[in-house]
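**Q** Fold the following.
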Amino acid sequence: MKVKYQTKNGRISVELEGDSQREIFSQIAKFQEVFEETMCGKCGSENLRFVVRNVDDNLYYELRCMDCQAKLAFGSHKKGGGLFPKRKDGDDWLPNRGWVKWNPKTEKNE
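**A** Predicted structure coming up:
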């Protein structure tokens, strides 16, 4: 079975394929977790951009707010290579749904 899915804001559409409703459901859930973030958790802007940075041959995936420069970092699953938003630091939930902004005065993400 094939399903066409489009994000709420209409920016991205994808065609998913699976043998069962559960498979399709799982694929939509994984897609939504990464691509349905439509608003900056710091300033509320919808002016977001997908960014991939290469540092010492390591790729870092993030969603960046083009208005306040906050970012939502994504981790990579060890199996399968899928992405997930980093909303926790260890066992603790991060504020602003994981969106952080570099503060040059304290030299920390806030």
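**Q** hey, let's count contacts and neighbours off CA atoms from now on
**A** Noted.
**Q** Q27: which element?
**A** helix 21-35 (DSSP states H and E).
**Q** neighbouring contacts of that helix?
**A** Residues from elsewhere that reach helix 21-35 (C-alpha atoms under 8 Å, 6 or more residues apart in numbering): V3, Y5, T7, I12, L16, E17, G18, L83, F84, P85.
**Q** Which residue is the nearest non-sequential neighbour of the fifth one?
**A** Yep, that's L16 we're talking about. In this structure, L16 finds its nearest non-sequential neighbour in V3, 5.2 Å apart by C-alpha to C-alpha, 6 or more residues apart in numbering.
**Q** Now do the contacts for that neighbour.
**A** Contacts of V3 by C-alpha under 8 Å, 6+ apart are E15, L16, E17, I24.
**Q** Just among the contacts of helix 21-35, which is most surrounded?
**A** P85 (20 neighbours; other C-alpha atoms under 10 Å).
**Q** quick one: contacts for it?
**A** P85 is in contact with E33, V34, L72, A73, F74, G75, G98, counting by C-alpha under 8 Å, 6+ apart.
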